[in-house]
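1. show me how the following folds:
(chains A, B and C)
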Amino acid sequence: MCLSSLDSCGDGPESATSKCTQCLAPCYKLLEIKELESCFEYKEIASAPSGPRNDALMKSHTQYLYFNTHNKQEFINITPQVEEAVKKSQVREGLCLVNAMHITSSCFINDNESGLHKDFSIWLEKLAPYGKDKYNHNLTGEDNADAHLKRTIMGREVVAAITNGKLDFGPWEQIFYGEFDGQRKKRVLVKIIGE
Amino acid sequence: MCLSSLDSCGDGPESATSKCTQCLAPCYKLLEIKELESCFEYKEIASAPSGPRNDALMKSHTQYLYFNTHNKQEFINITPQVEEAVKKSQVREGLCLVNAMHITSSCFINDNESGLHKDFSIWLEKLAPYGKDKYNHNLTGEDNADAHLKRTIMGREVVAAITNGKLDFGPWEQIFYGEFDGQRKKRVLVKIIGE
Amino acid sequence: MCLSSLDSCGDGPESATSKCTQCLAPCYKLLEIKELESCFEYKEIASAPSGPRNDALMKSHTQYLYFNTHNKQEFINITPQVEEAVKKSQVREGLCLVNAMHITSSCFINDNESGLHKDFSIWLEKLAPYGKDKYNHNLTGEDNADAHLKRTIMGREVVAAITNGKLDFGPWEQIFYGEFDGQRKKRVLVKIIGE
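-> The predicted structure is shown next:
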């Protein structure tokens, strides 16, 4: 696939039949890496500028997502909810902030693969193990100090670009809510600004 | 508290007497989690869209915060300074970037609890211990390689939403400057854009 | 150097002769910390507000950077490419998002010092060691689970401020692309919005 068809690579089923306008290859999300290599117009460090867009008025959009997490630790794919918020915002070019509103949970971008999520859990437990008696914070009566540390590793927020009215993501990027002290009601904020 | 009163939950003393317009409960920042559960209109994954805002002109605001840190490691709550910058910006809907301008310090969001801050220090020392002879970077004459690693764990920057002219934060979110190679003059940048 | 000359501290060779308009000291990037202390108008927690900018129309700019990474792990300084994108965007005041479009690589800000980069590699290998048989994710046939974890530590994205048409950086801040599963074609997204 060539650069010229990047814009036609959407997430919906229609992209399955998208063709590159130059090389007629299907949308790059459907291609194996090897095919990509023979097709993409890569350069060592090149750039594919869109050119600045004309001056425009600004839009903004605010949306809260609510969760009932059933387990202490959980990873929830919230990409569809964020995509819906982007659509509602009517923003064509802009930025989309997605952040946990709690300090023991996280929003992050990674692979939608359950094995990897298990790896994240095991790894975080090694780097920041649970322990009622292990942390000063737990002297306050809490037992979630480890959840504060785990969320620090995973990050509080994601900032994603919106291009042509859609999340401008690589083929495997998905947004997750990571819960580390769950079984409670939780909130995520989606804030979109742009034109 | 119901969704309809979210907007009235400010940070000032006046919010102590704010009531939900639907359920007449006080501002949710004053409620225990249990009370919240019986009152909040939570759904499994629901959303409370504000709807897109009308087109508007853009504002921006730049502010530098200066610190004299007295210790090598220090956590400074800079939420009041950022709130003041948001007020000065006159932005009602937008994004607020807060970043360390140094590469051995951090801006992050977490709990304003001194025990937790002690836990952060102990934990970071375990993950990235100080050591003049432990790092290649210190061959340059520095002794702060560990501070570069510590700041990497904690993050360089925070991006926060501004809604209705205020930082759109969960009940416990506070912004901290984390210093890992202090006893020097340091700078933080606050950049606000919006409408 | 006094606050009034901050704007004249550029990155080019011309800044070597920039003088503060108040104290006539050269650009602060050339000064030792000690000289700074005697000159900078520091306060305990002070602020140097620019005041809100007048209402303006919004611009946006999108640019993709392409890489051919030759090694499994690599750190590439992409500051010049991002600076070029900022220039092309014609944005004077705004935000610049720089993110990896892959989930085994990172964009981050730190020091342009090769010893430190070696330290990053060694440290990440300790925190998230490579191992075909060590991770559930690798049961899918991949061997890059460790790269997903390494990128999580380093972060997916950078959000930088644009002030007066330039990246508003501290003296040592540089943007890097961190590759943890390379020898493949990779993409970075630069998204700029502002006025």
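2. what sits against the nearest residue to A:Asp119 once chain neighbours are set aside?
-> Distances taken as C-beta to C-beta, 6 or more residues apart in numbering or on different chains place C:Tyr135 nearest to A:Asp119, at 4.7 Å, with adjacent residues excluded. Bear in mind the C-beta positions are built from the backbone N, C-alpha and C, glycine included. When contacts are counted by C-beta atoms under 8 Å, 6 or more residues apart in numbering or on different chains, C:Tyr135 is found next to A:Gly115, A:Leu116, A:Asp119, C:Ala145, C:Asp146.
3. residues touching the spatially closest residue to the first one that is not a sequence neighbour, list them.
-> Nearest in space to A:Gly115, with sequence neighbours left out and distances taken as C-beta to C-beta, 6+ apart, is C:Asn136 at 3.6 Å. Under the criterion of C-beta under 8 Å, 6+ apart, the contact list for C:Asn136 reads A:Ser114, A:Gly115, A:Leu116, A:Lys118, A:Asp119, C:Ala145.
4. ok, now how distant is C:Asn136 from A:Tyr177?
-> If you measure C:Asn136 against A:Tyr177 using C-beta to C-beta, to the nearest Å, the figure is 20 Å.
5. for chain C, see how far away A:Val158 is.
-> 7 Å (C-beta to the nearest C-beta, to the nearest Å).
6. do I have it right that that residue meets A:Ala100?
-> No. Between A:Val158 and A:Ala100 there is no contact under C-beta atoms under 8 Å: 9.8 Å.
7. neighbour count for the two, which is higher?
-> Each of A:Val158 and A:Ala100 has its neighbours counted (other C-beta atoms under 10 Å in any protein chain shown); A:Ala100 has more, 27 against 24.
8. can you pull up the bridge partners for that one?
-> Note on A:Ala100: beta-bridge partners by DSSP bridges are A:Val188.
9. what sits against it?
-> Neighbours of A:Ala100 in contact, by C-beta under 8 Å, 6+ apart: A:Ser106, A:Cys107, A:Arg151, A:Arg156, A:Glu157, A:Tyr177, A:Gly178, A:Lys186, A:Val188, B:Gly170.
10. rerun that using 10 Å as the cut-off
-> With contacts defined as C-beta atoms under 10 Å, 6 or more residues apart in numbering or on different chains, A:Ala100 is in contact with A:106-108, A:151, A:154-158, A:177-180, A:186-189, B:109, B:170, B:173.
11. neighbours around A:Leu65, how many?
-> 24.
12. what helix or strand is it located in?
-> A:Leu65 is part of strand A:59-68 when elements are defined by DSSP states H and E.
13. would that strand count as contacting chain C?
-> Yes. Looking at strand A:59-68 against chain C by C-beta under 10 Å from any C-beta of the partner chain, the contacts come from A:Lys59.
14. tell me the mean pLDDT over that strand?
-> Taken as a whole, strand A:59-68 has an average pLDDT of 92.
15. quick one: list the elements packing against that strand.
-> In this structure, strand A:59-68 makes packing contacts with strand A:74-77, helix A:79-89, strand A:94-100, strand A:174-179, strand A:185-194, strand B:45-47, strand B:157-163, judged by 3 or more C-beta pairs under 10 Å, 6 or more residues apart in numbering or on different chains; DSSP states H and E.
16. check those for me: which has the lowest mean pLDDT.
-> Taking each of those in turn, the one with the lowest mean pLDDT is strand B:45-47, at a mean of 37.
17. in the strand or helix carrying A:Glu125, what counts as buried?
-> In the assignment (DSSP H and E), A:Glu125 maps to helix A:114-127. Residues A:Gly115, A:Leu116, A:His117, A:Asp119, A:Phe120, A:Ser121, A:Trp123, A:Leu124, A:Leu127 are the ones in helix A:114-127 that count as buried (16 or more other C-beta atoms under 10 Å in any protein chain shown).
18. about what we covered before: which one of the contacts of C:Tyr135 is nearest to A:Met58?
-> For A:Met58, the closest of the contacts of C:Tyr135 turns out to be A:Leu116, at 37.3 Å, with distances computed as C-beta to C-beta.
19. surely the closest one and A:Phe108 touch.
-> No. Look at A:Leu116 against A:Phe108 with C-beta atoms under 10 Å: they stay out of range, at 11.7 Å.
20. so what's in contact with the two at the same time?
-> Listed contacts common to A:Leu116 and A:Phe108 are A:Phe75, C:Ile103; contacts here mean C-beta under 10 Å, 6+ apart.
21. starting at the chain centroid, how far to stretch A:158-171?
-> 9 Å (C-alpha atoms, centre = their mean, to the nearest Å).
22. ends of that stretch, how far apart?
-> Using C-alpha to C-alpha, to the nearest Å, the gap from the first to the last residue of stretch A:158-171 comes to 17 Å.
23. only the buried residues of it, if you could.
-> Of the residues in stretch A:158-171, A:Val158, A:Val159, A:Ala160, A:Ala161, A:Ile162, A:Thr163, A:Lys166, A:Leu167, A:Asp168, A:Phe169, A:Gly170, A:Pro171 count as buried by neighbour count, 16+ other C-beta under 10 Å.
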